[in-house]
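Student: my questions are about this predicted structure, shown below with the sequence.
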Amino acid sequence: MDTTSSPTRPAAARFDRIMMLIIIVLAVAVLIRLPRHQARSVTTDTGNSAASANALSDREPVAAGELPGVGDIAPDFTLHGLDGTPVSLSQWHGHPVLINFWAPWCGPCRYEMPAIQNAYQTHQEHGFVVLAIAVDDTAKNVKEFVAEYDLTFRVLMDDGQVSNTYPVFGLPTSFVIAPDGRIASIHVGPLSEDGIDELLAAVH
């Protein structure tokens with residue numbers, strides 16, 4: 001009898017349990033820290049994407065110092081890409097936009113990046129835009145990450161200027177912006193390619 005079993009399956013099971021625990025912790029942290037009307041908007045899966053889209057309203061931009069929620073106009077920003085080119089959210093008005101807050105040191109971010117890249121390649125011809133905002137890290141580390149994962153969407157650098165104006169309490173956190181400029185959904189934790197497809201279907 002062969003007693004040298006492969007550690008692959010136990011290791012994979014441990015990784016899945018760790019990923020699930022991270023997602024649950026992030027979700028609980030956001031639900032605790034967000035104001036009540038925003039907490040109702042947050043989803044940690046894609047099952048509520050249609051409901052999130054239906055929650056869009058005619059609300060005015062949030063007041064200074066307040067964090068936006070689903071249905072609010074997404075705060076505009078301008079950040080620089082790795083090549084120094086300034087990129088603004090407002091220049092993509094009329095397009096569905098995925099804003100993804102992440103960092104090279106974030107394990108779940110590494111897990112979701114291939115899915116985001118695949119979704120971008122699939123939907124970019126229909127106007128889909130990805131703005132991946134790297135938070136609090138060096139350009140060198142971000143460039144190495146982009147090269148490692150062969151990312152072709154826009155990667156922007158943020159020193160906290162933008163992440164502090166959105167309800168970002170853990171990484172990764174993603175926001176789907178509808179073509180009218182409003183936040184259609186907020187997703188805490190790593191995205192899957194199927195999950196992105198569902199979120200985009202809700203804003204078309």
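Tutor: It's in.

Student: what about this protein, any weak spots by pLDDT?
Tutor: By pLDDT under 70, the low-scoring segments of the chain are 1-65.

Student: quick one: the strands in the chain?
Tutor: According to DSSP state E, the chain carries its strands in the segments 42-43, 78-81, 86-88, 97-102, 129-135, 154-158, 173-177, 183-188.

Student: which parts of the protein are helices?
Tutor: In chain order, the chain shows helices spanning 8-33, 36-39, 49-54, 107-123, 139-149, 193-201, with DSSP state H as the criterion.

Student: returning to that earlier point: and the strands of the chain: which comes nearest residue 72?
Tutor: Evaluated with Cβ to Cβ, these place strand 183-188 nearest to residue 72, the distance being 5.6 Å. (Each C-beta comes from the backbone N, C-alpha and C, glycine too.)

Student: alpha carbons of that closest one, as CSV, please.
Tutor: Output for strand 183-188, consisting of C-alpha atoms alone and laid out as CSV, is shown next (Å, rounded to 0.1, in the frame of the first residue of the first chain):
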residue,chain,number,x,y,z
ILE,A,183,-22.7,53.0,-8.1
ALA,A,184,-24.6,49.8,-9.1
SER,A,185,-23.1,47.4,-6.6
ILE,A,186,-20.3,47.0,-4.1
HIS,A,187,-18.5,43.7,-3.7
VAL,A,188,-16.2,42.9,-0.8
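
Student: quick check: angle from it to helix 193-201?
Tutor: Using axes from the mean of the first three to the mean of the last three Cα atoms, to 10 degrees, one finds that strand 183-188 and helix 193-201 are set 160 degrees apart in direction.

Student: tell me which other helices or strands strand 183-188 touches.
Tutor: On a contact count with 3 or more Cβ pairs under 8 Å, 6 or more residues apart in numbering; DSSP states H and E, strand 183-188 meets helix 8-33, strand 42-43, helix 49-54, strand 173-177, helix 193-201.
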